[in-house]
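K.L.:
Okay, sequence plus prediction incoming.
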Amino acid sequence: MNSTLTVQHLPPEAIDRLLDYLPDYVKTALQEKAVELECSLEATIEMAIASFLDEEAFSFEDCLLAKRLTNLSENNKGS
């Protein structure tokens with residue numbers, strides 16, 4: 001697995017509050033995916049959000065990296 005999957009960015013209380021507002025079928029899907037991927041529920045939620053923001057991202061760092069690379073590429077075109 002990618003090492004960024006083990007880094008917890010979301011505090012457990014944030015996950016608990018988020019889960020309170022999600023429909024049961026979404027909670028179940030997230031929990032099943034966490035078991036399938038053998039990672040924490042927090043990492044699964046992070047991957048879900050990251051992949052929504054950037055189809056190639058597995059974590060928030062990947063999203064940030066993609067953004068930085070895009071910015072760098074755009075800046076190099078202007079040079």
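P.N.:
Great, that's in hand.

K.L.:
CA only for contacts and neighbour counts going forward, please
P.N.:
Noted.

K.L.:
Which pLDDT value belongs to F60?
P.N.:
pLDDT recorded at F60 is 73.

K.L.:
State the distance from it to A50.
P.N.:
To A50, F60 is 6 Å away according to CA to CA, to the nearest Å.

K.L.:
same thing with D62?
P.N.:
8 Å.

K.L.:
So for the two, which residue has more residues nearby?
P.N.:
A50 (20 against 17; other CA atoms under 10 Å).

K.L.:
Next secondary structure after the helix or strand hosting the more buried one?
P.N.:
With elements taken from DSSP states H and E, the one containing A50 is helix 41-53. Counting by DSSP H and E, the next helix or strand C-terminal to helix 41-53 is helix 60-78.

K.L.:
Next, the angle from that next one to helix 41-53.
P.N.:
Computed by axes from the mean of the first three to the mean of the last three CA atoms, to 10 degrees, the angle separating helix 60-78 from helix 41-53 equals 30 degrees.
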